[in-house]
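[1] Quick one: sequence plus predicted model below, questions after.
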Amino acid sequence: MPDPLLREETGRRVVVRYLLPSGSATDVLGDLQHNDAERLVVLPDLAAPVVIPATAVIAAKPVPARVVTPRSRLDLLARTMHRSWPGLVRRRLGGWILAASHGFSRRANSALAVGEPDPGLGEALDVTEGFFAAQELPPILQIPTSMEGPGPRQVELLDVLRARGYAPDEPTLVMIRHLRGGPPEGGRTIAADLSWSPVPDRDWLRLYELPDGVGGELAERVLTASTDHRFLTARVDGRPAGVARLAVIDRWAGITGLRVAAERRGQGLGGELLTQTLAAAGSAGASWAYLQVEGGSPAIALYERAGFVVHHRYQYWRRP
């Protein structure tokens with residue numbers, strides 16, 4: 001029988017020793033997804049869920065959460081970052097994470113293809129395409145790579161995607177910085193009122209500029225799907241002038257949705273939003289911050305002045 005102490009630990013990271021059908025013992029480390037008198041289900045970091053009959057369990061106990069750092073494997077870091085914008089409908093295929101959210105944002109409507117898929121590559125792509133077809137969405141895969149280029153398994157995946165008619169979008173850079181030393185000093189030249197909210201209000205959504213056909217209710221559901229999030233709005237003379245979103249996951253602070261109204265650009269407001277967001281991230285217990293920016297964007301200079309450096313990149317692959 002499972003250790004009854006684990007009944008209170010669903011969702012926690014655990015290690016379980018259990019007997020295989022052959023009679024030999026083995027261990028599995030991951031997140032406890034289910035535990036009752038019949039079975040345990042443990043989800044390893046980069047593999048399919050492991051279903052363990054209760055009668056096969058030898059021992060089980062919670063363990064400290066994994067600490068993901070900039071030196072960790074890229075697939076682990078990408079999965080941590082994915083949790084800050086996870087989407088509304090999700091499915092695991094081994095290490096891959098499929099997400100759908102009625103078409104609002106590529107991050108929430110794509111498959112994060114990291115680690116080993118389960119089943120194998122070809123069948124996993126068939127399942128992925130079926131998942132998005134059921135959601136009435138085109139299949140899109142997000143594939144992170146180091147700045148040195150894709151590894152051997154990624155090369156294999158990219159070759160298969162090309163053979164299926166997929167092509168990549170322009171790369172997106174992921175920039176990071178340690179929060180040691182605190183945030184940079186802001187340099188705004190206008191007086192702005194700054195306020196935080198647990199949900200995006202109408203002013204925030206208006207400045208974020210939702211795509212055509214996306215309503216505020218859907219956007220709010222997607223933007224608040226993470227476990228720890230907050231929304232910053234800067235107002236000048238009572239009108240929204242800038243916005244940003246912060247989500248803190250396992251010591252990583254994701255900064256997204258940073259926008260400045262066209263008439264307020266060049267006045268230091270973007271830097272002030274970034275400064276305030278980094279300060280809030282540190283107060284929330286984060287050790288590192290990251291943001292995502294398209295290659296060649298003029299915003300890169302702002303982020304570099306704030307201490308961010310490029311860590312890796314990713315591309316979305318889709319059929320033209």
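    Structure received. Residues are numbered from 1 along each chain as shown.

[2] Next, residue 270: phi, psi?
    phi -60, psi -40 (degrees, to the nearest 10).

[3] and what of residue 201?
    For residue 201, the backbone dihedrals (degrees, to the nearest 10) come out as phi -90, psi -180.

[4] need the contact list for it.
    By CB atoms under 8 Å, 6 or more residues apart in numbering, residue 201 lies in contact with 231, 233. (Glycine included, C-beta is placed from N, CA and C.)

[5] and if we set it to 10 Å?
    Residues near residue 201 by CB atoms under 10 Å, 6 or more residues apart in numbering: 195, 216, 220, 231, 233, 240, 243.

[6] What of residue 280?
    Per CB under 10 Å, 6+ apart, neighbours of residue 280: 183, 196, 230, 232, 244, 246, 248, 253, 255, 286.

[7] any chance you could map the helices in the stretch 51-200 of the chain?
    Along the stretch 51-200 of the chain, the segments classed as helices by DSSP state H, counting those that start in this stretch run 74-82, 121-134, 152-163.

[8] Could I get the ones you listed in JSON lines, plus columns for mean neighbour count?
    Below are the helices of the stretch 51-200 of the chain laid out as JSON lines (neighbours: other CB atoms under 10 Å):
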{"stretch": "helix 74-82", "mean neighbour count": "21"}
{"stretch": "helix 121-134", "mean neighbour count": "16"}
{"stretch": "helix 152-163", "mean neighbour count": "14"}
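
[9] The ones you listed: which one's closest to residue 41?
    Evaluated over the helices of the stretch 51-200 of the chain, closeness to residue 41 peaks at helix 74-82, with 18.2 Å, by CB to CB.

[10] Keeping just the C-alphas, turn that closest one into PDB.
    The C-alpha trace of helix 74-82 is given here as PDB (Å, rounded to 0.1, in the frame of the first residue of the first chain):
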ATOM      1  CA  LEU A  74      17.700  23.500 -21.500                       C
ATOM      2  CA  ASP A  75      14.700  21.100 -21.600                       C
ATOM      3  CA  LEU A  76      14.200  21.500 -17.900                       C
ATOM      4  CA  LEU A  77      14.500  25.300 -18.100                       C
ATOM      5  CA  ALA A  78      12.000  25.500 -21.000                       C
ATOM      6  CA  ARG A  79       9.500  23.400 -19.100                       C
ATOM      7  CA  THR A  80       9.800  25.700 -16.100                       C
ATOM      8  CA  MET A  81       9.300  28.800 -18.300                       C
ATOM      9  CA  HIS A  82       6.300  27.100 -20.000                       C
END
